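Student: Here is my input, please return the structure:
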Amino acid sequence: MRLALYQPDIPQNTGAVLRLAACLGVGVDIIEPCGFLLDDRRMRRAGMDYLAAVDWRRHPGWDAFRADLGGEDAKERLILLTTGAETPHHLFAFSAHDVLLLGRETAGVPPEVHAAADARIRVPMRAGLRSLNQAMAAALVLGEALRQTGGFPDDGAGGTTE
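Tutor: The predicted model follows:
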């Protein structure tokens, strides 16, 4: 399972997503251009020393990202998190090979990216509120996806999941 950030605008969110991914053992794809320099100090501050522990890849654009997914025979499904989706994330059946795609904080994704998704999901929220912070939405949906697929890392505590 991987997280993908489409042209992120806010370095603190990107750093927080990278830290989340490091802690939960998932990879991250960053689809450029970004609204900040990837070596921005605010991103490093949010990601702290966790950045070295995450498998993250930079893609120069949407086409390069799509090419890296593996083509027609790839196991990966592209799952777009969008406020415009009908399916709530907790009712969606995730796969261990899913790539959870989050759009720009300020603009989401363009129609061609929306159309390329294999599925679109949303986080259910109270009426009248726009959206969650990108890193919060990533954590919420990734947590459900890992729960469903048994993908949480073994932390050695001896706990079980049902």
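Student: Tell me where this structure has strands.
Tutor: For the chain, applying DSSP state E gives strands covering 2-6, 27-31, 56-59, 78-81, 87-88, 99-102, 119-122.
Student: partners of the third one in the sheet?
Tutor: Based on DSSP bridges, the strands next to strand 56-59 in the sheet, each with its direction, are strand 27-31 (parallel).
Student: Residues in contact with the strand it pairs with: which ones?
Tutor: Contacts with strand 27-31, where a contact means CB atoms under 8 Å, 6 or more residues apart in numbering, come from 1-8, 14, 17-18, 21, 38, 54-59, 61-62, 65, 68, 99. All C-beta spots, glycine's among them, are computed from the backbone N, C-alpha and C.
Student: in stretch 128-138, what's buried?
Tutor: Using 16 or more other CB atoms under 10 Å as the test for burial, stretch 128-138 gives Ser131, Leu132, Gln134, Ala135, Ala137, Ala138.
Student: now these as CSV including pLDDT?
Tutor: CSV is the format used below for the buried residues of stretch 128-138 (pLDDT from 0 to 100):
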residue, pLDDT
Ser131, 84
Leu132, 90
Gln134, 94
Ala135, 94
Ala137, 96
Ala138, 97
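Student: Helices - which of those land there?
Tutor: Among the buried residues of stretch 128-138, the members found in helices (DSSP state H) are Gln134, Ala135, Ala137, Ala138.
Student: Would you mind giving those as JSON lines with distance to Gly25 added?
Tutor: Below are these laid out as JSON lines (distance: CB to CB, whole Å):
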{"residue": "Gln134", "distance to Gly25": "20"}
{"residue": "Ala135", "distance to Gly25": "17"}
{"residue": "Ala137", "distance to Gly25": "19"}
{"residue": "Ala138", "distance to Gly25": "14"}
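Student: Pick out the most distant pair among the residues you listed.
Tutor: Maximum pairwise distance in these, criterion CB to CB, is 7.4 Å, between Ala135 and Ala137.
Student: Could you tell me which of the contacts of strand 27-31 count as buried?
Tutor: Here, 16+ other CB under 10 Å leaves 1-8, 14, 17-18, 21, 54, 56, 59, 62, 65, 99 buried among the contacts of strand 27-31.
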